[in-house]
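*Asks:* no sequence on this one, just coordinates:
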């Protein structure tokens, strides 16, 4: 079956520092990877969608300068949160698809900023 | 634009009772519709998907019918269990715009 591993599960960083999270697809080719942030109210904010061999598309309010994403092959993607501050706290989710239809999610990376 | 609206939670039920979580959507496309479930501390898991209108999807006793005329995709289960306690998300795919649209989620609490 299609599985997505995301790590770390939890991370704590000091305000103004950066942290990187990674996403690995197993059992399928992740042609597209979507990165989301989930609010405490459980709603999803799409940060960006990365498709292999295409430009990464960022949603409004999110930029490459703040959330650089790498998607070098069909099984791996990473996202960094640069200069993290309190408002960046939350659960970050990666969802990968191989059929441009169904997203399979990792367990998420919970970011705490001190 | 595309949107998904679902029952506002929390929904609290006793074990053995029936569940309906309403989901309505707006789109100009012909989307695939999804239900995802998220347990505490985990990412969303696909419960099932339905790509075509008038078809039904089901998994683990949950089911929903893709009603194109009513633009609805209501989630139902005849008899809920305590282990069904989770947040349920209705979603539609619009890959012409390179995204999946999620509803705001409905928290289900099932009491023994």
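*Replies:* Done, it's in. Not measured: the values here are computed from a predicted model.
*Asks:* Could you count how many residues lie near the residue in chain B that chain A sits nearest to?
*Replies:* Minimum separation of chain B from chain A (CB to the nearest CB) falls at residue B:43, amounting to 3.8 Å. Every C-beta, even on glycine, is put in place using the N, C-alpha and C of the backbone. A count of nearby residues for residue B:43, using other CB atoms under 10 Å in any protein chain shown, gives 21.
*Asks:* The one 3 residues further on now?
*Replies:* Other residues lying near residue B:46 total 16 when counted by other CB under 10 Å.
*Asks:* same question, residue A:111
*Replies:* Around residue A:111 there are 20 residues (other CB under 10 Å).
*Asks:* next one: residue A:72
*Replies:* Residue A:72: 9 neighbours (other CB under 10 Å).
*Asks:* ok, the host helix or strand of it near chain B or not?
*Replies:* Per DSSP states H and E: residue A:72 is located in strand A:69-73. No - shown here: strand A:69-73 not in contact with chain B (CB under 8 Å from any CB of the partner chain), separated by at least 13.4 Å.
*Asks:* What is the next helix or strand after that strand packed up against?
*Replies:* Downstream of strand A:69-73, the next assigned helix or strand under DSSP H and E is strand A:76-81. Contacts defined by 3 or more CB pairs under 8 Å, 6 or more residues apart in numbering or on different chains; DSSP states H and E place strand A:76-81 against strand A:19-26, strand A:32-38, strand A:44-51, strand A:69-73, strand A:90-97.
*Asks:* which residue packs closest to residue A:85, ignoring adjacent ones?
*Replies:* Nearest residue to residue A:85 in three dimensions, chain neighbours excluded: residue A:15, at 5.6 Å (CB to CB, 6 or more residues apart in numbering or on different chains).
*Asks:* quick one: contacts for that neighbour?
*Replies:* Going by CB atoms under 8 Å, 6 or more residues apart in numbering or on different chains, residue A:15 touches A:84, A:85, A:86, A:113, A:114.
*Asks:* In helices only, show me the residues you listed.
*Replies:* Among the contacts of residue A:15, the subset assigned to helices under DSSP state H is empty.
*Asks:* near chain A, which residues of chain B show up?
*Replies:* Residues of chain B lying close to chain A by CB under 8 Å from any CB are B:32, B:34, B:36, B:38, B:41-46, B:49, B:51, B:87, B:89, B:93, B:95, B:98-100, B:102, B:104-105, B:107.
*Asks:* out of the residues you listed, which are buried?
*Replies:* Buried subset of the residues of chain B next to chain A (neighbour count, 16 or more other CB atoms under 10 Å in any protein chain shown): B:32, B:34, B:36, B:38, B:43-44, B:46, B:49, B:87, B:89, B:93, B:95, B:98-100, B:102, B:104-105, B:107.
*Asks:* List the residues that contact residue B:94.
*Replies:* B:2, B:27, B:29, B:31, B:100, B:101.
*Asks:* Give the pairing partners of the helix or strand hosting residue B:107; include direction for each.
*Replies:* Per DSSP H and E, residue B:107 falls inside strand B:106-111. Here strand B:106-111 is paired, per DSSP bridges, with strand B:11-14 (parallel), strand B:86-94 (antiparallel).
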